[in-house]
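Peer 1: Coordinates only, no sequence provided:
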DNA sequence: TATAAAATTTAGTCACTCCTAAATTTTTAT
DNA sequence: ATAAAAATTTAGGAGTGACTAAATTTTATA
């Protein structure tokens, strides 16, 4: 039943999962863009995934795909590998959070379950990776999370940064300089309804942040 | 000039290097056996390697192949990755020397130069891997080695184990129990010319070892 | 040296994954 | 409602790397 999935297949499943989770539909085009592959290639692969022995995706022409239970498990496995690797590379080899992505992207497909368990144990079974992304559990369930995007907060609300959903090195470095990293305590002191800018206090300093940034920072709101 | 070689190509080059180094000729059949691939597949791949932009091997029908300078560099790069990884997995994740091979076999093809340098530095640039195999230097030269197989020693000779050239889990565990691991001091106390058995003193105990074992244990002879 | 055995190569396929160009379907805007 | 735009799929291929069966070349043996 458990088949060895190719690297390509793993990448497709992971991307479908990520698109779906973030609310977008896993359309041919969206997948093509994320995977840096042509749209026809996506159609072809999707058909293969849909007609695999245990189907990995559900598919209807001209509509997006969704993962089957099997597909979701496989996706979570890859995501668990990726996030554990990011955490581990940062902790043991001194990578910075903006450098680990690429390396983890390649390693995630080739590590054994044994390796996975060893690094998880070595780190004390972490719940989040360096970006604050939740790490799927060993039995491949994604932990619940009640964080909301910073962009949803308004004046007076405060909380703790849980996660930065961004991959661009430049942005990550910028946020690090501002102190906007996981576990940072923040407070929104002002909201501009016209441009959706938020004034956010981090430590002693306040910063005015645009929607393109605040939408990527997730907060556990203080109750 | 520097092209990204496929995993398969890397495996071929590494295997050709290893066969050549150990004195055997890198024949189609030998490669097929080592790589667990059919002989025709080897012929096909060899042709591709020989006609690559910078040729990686030299080839003449019905004779073995040899690596070009380019091919050798690529092979040493993979071998460096492999051996550094083995050392690192043992040191940081508690793998035992009979468990690391497979994992390193998969990782060696996907780690970056950055990763390679980080683990090399983290371990203080080790010269040998857990089996005692020499690790190619950063500029891809294989260090010189004057070890000889234990099977070449005779009564009265003694030295230090440098390397165990074996991959089978069972054998490695057995040798570990006997104390026959890198850096162990040994002394040959008897030689049987008929079956080539050697009596070898390791610590307080003496063991009688057959040629199939003594040929795989390498010794730096005491002068 | 003939000839059987072993090694190697040719021939013909296949699975995977990607591509471009062209056709088709769906959506959007007039 | 319909035409233009956007999204998606079909068609036809290509590169990599592996396989089997059959042919050929080399090597070893009688």
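Peer 2: Received it, and whenever you're ready, just let me know what you need. Quantities reported herein were computed from a predicted structural model and do not represent experimental measurements. Numbering: from 1, shown residues only, chains lettered A, B, ... in the order given.
Peer 1: Could you pull up the residues touching residue A:31?
Peer 2: A:12, A:15-16, A:19, A:37, A:42, A:46, A:65 (Cβ atoms under 8 Å, 6 or more residues apart in numbering or on different chains). C-beta coordinates here come from the backbone N, C-alpha and C atoms, glycine included.
Peer 1: per-residue confidence averaged over the host helix or strand of it?
Peer 2: Element membership for residue A:31, per DSSP states H and E: helix A:28-35. Averaging pLDDT along helix A:28-35 gives 96.
Peer 1: Now do the strands in chain A.
Peer 2: Per DSSP state E, chain A carries strands over the ranges A:57-59, A:65-67, A:148-149, A:158-164, A:185-192, A:197-202, A:205-209, A:217-221.
Peer 1: Contact residues of chain A facing chain B?
Peer 2: Proximity of chain A to chain B (Cβ under 8 Å from any Cβ of the partner chain) is limited to residues A:92-95, A:99, A:102-103, A:106-107, A:109-112, A:114-115, A:118-119, A:122.
Peer 1: can you tell me which residues contact the closest residue to residue A:210 other than its chain neighbours?
Peer 2: Nearest residue to residue A:210, sequence neighbours excluded (Cβ to Cβ, 6 or more residues apart in numbering or on different chains): residue A:197, at 5.7 Å. Counting by Cβ under 8 Å, 6+ apart, residue A:197 makes contact with A:191, A:208-211.
Peer 1: State the distance from residue A:160 to chain B.
Peer 2: Distance check for residue A:160 against chain B: by Cβ to the nearest Cβ, to the nearest Å, it reads 31 Å.
Peer 1: Test my guess that that residue contacts residue A:219.
Peer 2: Yes - contact between residue A:160 and residue A:219 holds when scored by Cβ atoms under 8 Å: they sit 6.8 Å apart.
Peer 1: what do those two both touch?
Peer 2: Shared contacts of residue A:160 and residue A:219 (Cβ under 8 Å, 6+ apart): residue A:186.
Peer 1: Looking at these two now, which is surrounded by more residues?
Peer 2: Taking other Cβ atoms under 10 Å in any protein chain shown, residue A:160 and residue A:219 do not tie; residue A:219 has more neighbours (25 against 15).
Peer 1: any idea how far chain B is from that one?
Peer 2: Distance from residue A:219 to chain B, by Cβ to the nearest Cβ: 33 Å.
Peer 1: which helices and strands sit right next to the longest helix along chain A?
Peer 2: Assignment by DSSP state H gives helix A:69-93 as the longest helix of chain A. With contacts taken as 3 or more Cβ pairs under 8 Å, 6 or more residues apart in numbering or on different chains; DSSP states H and E, helix A:69-93 sits against helix A:7-21, helix A:100-107, helix A:113-122, helix B:113-122.
Peer 1: remind me which residues of chain A are low pLDDT?
Peer 2: Scanning chain A for pLDDT under 70 picks out the ranges A:1-2.
Peer 1: in it, which residue is closest to the centre?
Peer 2: The residue lying closest to the centre of chain A (Cα atoms, centre = their mean) is residue A:133, at 5.7 Å.
Peer 1: Test my guess that residue A:109 contacts residue A:10.
Peer 2: Yes - counting by Cβ under 8 Å, residue A:109 does reach residue A:10; the two are 5.5 Å apart.
Peer 1: For residue A:127, give me its contacts.
Peer 2: Taking Cβ under 8 Å, 6+ apart, we find residue A:127 in contact with A:134-135, A:143.
Peer 1: got a winner among the residues you listed for most neighbours?
Peer 2: Busiest of those [other Cβ under 10 Å] is residue A:135, holding 23 neighbours.
Peer 1: That one is in contact with residue A:124, isn't it?
Peer 2: No - if you go by Cβ under 8 Å, residue A:135 and residue A:124 don't touch, sitting 12.0 Å apart.
Peer 1: follow-up on the earlier one: format the contacts of residue A:31 as a markdown table; extra columns: neighbour count.
Peer 2: Converted to a markdown table, these look like this (neighbours: other Cβ atoms under 10 Å in any protein chain shown):
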| residue | neighbour count |
| --- | --- |
| A:12 | 29 |
| A:15 | 20 |
| A:16 | 26 |
| A:19 | 19 |
| A:37 | 17 |
| A:42 | 23 |
| A:46 | 21 |
| A:65 | 27 |
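Peer 1: can I get those residues in TSV with distance to DNA strand D?
Peer 2: Putting the contacts of residue A:31 into TSV (distance: Cβ to the nearest atom of the strand, whole Å) gives the following:
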residue	distance to DNA strand D
A:12	13
A:15	14
A:16	13
A:19	11
A:37	11
A:42	7
A:46	6
A:65	9
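Peer 1: so which of those comes closest to residue B:167?
Peer 2: The shortest approach to residue B:167 among the contacts of residue A:31 belongs to residue A:12, at 34.6 Å (Cβ to Cβ).
Peer 1: The closest one contacts residue A:44, correct?
Peer 2: No - at 10.8 Å, residue A:12 and residue A:44 do not qualify as touching, with contact defined as Cβ under 8 Å.
Peer 1: Dump the contacts of residue A:197 to JSON lines, plus neighbour count and distance to residue A:178.
Peer 2: Listed next are the contacts of residue A:197 as JSON lines, based on neighbours: other Cβ atoms under 10 Å in any protein chain shown; distance: Cβ to Cβ, whole Å:
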{"residue": "A:191", "neighbour count": "15", "distance to residue A:178": "18"}
{"residue": "A:208", "neighbour count": "13", "distance to residue A:178": "11"}
{"residue": "A:209", "neighbour count": "23", "distance to residue A:178": "8"}
{"residue": "A:210", "neighbour count": "13", "distance to residue A:178": "13"}
{"residue": "A:211", "neighbour count": "14", "distance to residue A:178": "16"}
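Peer 1: so can I have a markdown table of those residues showing distance to residue A:59?
Peer 2: Listed next are the contacts of residue A:197 as a markdown table, based on distance: Cβ to Cβ, whole Å:
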| residue | distance to residue A:59 |
| --- | --- |
| A:191 | 42 |
| A:208 | 44 |
| A:209 | 39 |
| A:210 | 37 |
| A:211 | 34 |
